[in-house]
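[1] give the three-dimensional model of this entry:
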Amino acid sequence: MSQLKYKRILLKLSGEALNGGDKSQIINSDILLQYAHEIKAVVDAGCQVAIVIGGGNIFRGASSNSGIEREQGDYMGMMATVINGMAIQSSLEKIGLHTRLLSAIKVEQVAEPFIRRRAIRHLEKGRVVILGAGTGNPYFSTDSGGALRANELGVDLLLKGTSVDGVYTADPRKDPTATRYKQISYDEAINKNLKIMDLTAFALCKENKMPIVVFDMNYPGNLMKVVTGGDIGTLVTE
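    Model (predicted):
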């Protein structure tokens, strides 16, 4: 097995990833189990893994047309991320991994409160740390939550798992001439408006020199390729 290049990572997944883009269901159990096996492979190789999941498959606060006020909607979105966290926790434990679900808002019956040192200790003990409720504050996306936690936990790499194998010059599903960036700087990504993450999340990574890899999480073995330094996805760095 290849040697790990990144020994502590934070994996950011969208809520929509859990239903495979099928809006008729909230969570696809097959996709959930596939992700669990991908994560188990890197944990078994010695990689420490933290996970941040969005809640868009259940409720989208900022873009909701429900008539619910923004702040209330954002808190509903935070609760959705905790539900998704419980789902992936169940799948990971089903295949033998030890996990801890930590939440930025109080839900003591299902999750520990997020305490930075405790989260790091869980990682050091080989537990997969699932981080729910974003930053715990309205007006911040789960991308921002992922960027914040990645920096707080001192990870080597922030991974954004998507359904596309990296960042392209244009949407590859619409433009057949689009090409993938193997590496791009933070500034170039911002100037070209590539929308890898929202600007708050991106600025936090840029300021703290946190490298980001955008990759296709749905292709088996890709997560392992990333953590072992394989030529996959797009690396965003200085």
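[2] buried residues in the helix ranked longest in the chain, which are they?
    As assigned by DSSP state H, the longest helix anywhere in the chain is helix 70-94. Using 16 or more other Cβ atoms under 10 Å as the test for burial, helix 70-94 gives 73-85, 87-89, 91-92. All C-beta spots, glycine's among them, are computed from the backbone N, C-alpha and C.
[3] quick one: it to chain centroid distance?
    13 Å (Cα atoms, centre = their mean, to the nearest Å).
[4] so is the residue minimising distance to the centre of the chain in a helix, a strand, or just coil?
    Centroid-nearest residue in the chain, with Cα atoms, centre = their mean: residue 12, separated by 0.5 Å. Taking DSSP: H, G, I helix; E, B strand; the rest coil as the rule, one finds residue 12 in the strand state.
[5] what's the closest non-adjacent residue to it?
    Closest residue to residue 12 apart from its sequence neighbours, by Cβ to Cβ, 6 or more residues apart in numbering: residue 146 at 3.9 Å.
[6] average pLDDT across the helix or strand harbouring the one you found?
    Here residue 146 sits within helix 142-152, counting by DSSP states H and E. Throughout helix 142-152, pLDDT has a mean value of 98.
[7] list the helices and strands that helix packs on?
    strand 8-13, strand 48-53, helix 116-124, strand 128-132, strand 157-162, helix 199-207 (3 or more Cβ pairs under 8 Å, 6 or more residues apart in numbering; DSSP states H and E).
[8] please enumerate residues in contact with that helix?
    10, 12, 14-15, 50, 52-55, 77, 81, 104, 116, 119, 131, 133-135, 158, 160, 197-198, 200-202, 204-205, 208, 210 (Cβ atoms under 8 Å, 6 or more residues apart in numbering).
[9] and the residue nearest to residue 12, how far is that from residue 23?
    23 Å (Cβ to Cβ, to the nearest Å).
[10] with neighbour numbers in mind, choose between these two.
    residue 146 (30 against 9; other Cβ atoms under 10 Å).
[11] buried residues of stretch 179-189, list them for me.
    Buried residues in stretch 179-189 (16+ other Cβ under 10 Å): 181, 184, 186, 189.
[12] which residues sit against it?
    165-169, 172, 194, 196, 202, 205-206, 231, 234-238.
[13] dump it to CSV, restricted to CA.
    Below are the C-alpha coordinates for stretch 179-189, written out as CSV (Å, rounded to 0.1, in the frame of the first residue of the first chain):
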residue,chain,number,x,y,z
THR,A,179,-10.4,21.1,-19.1
ARG,A,180,-9.6,20.2,-15.5
TYR,A,181,-7.2,22.2,-13.4
LYS,A,182,-4.6,19.9,-11.7
GLN,A,183,-3.6,22.7,-9.5
ILE,A,184,-4.8,26.3,-9.0
SER,A,185,-4.0,29.1,-6.6
TYR,A,186,-6.6,30.6,-4.2
ASP,A,187,-6.3,34.0,-6.0
GLU,A,188,-6.8,32.5,-9.4
ALA,A,189,-9.8,30.5,-8.3
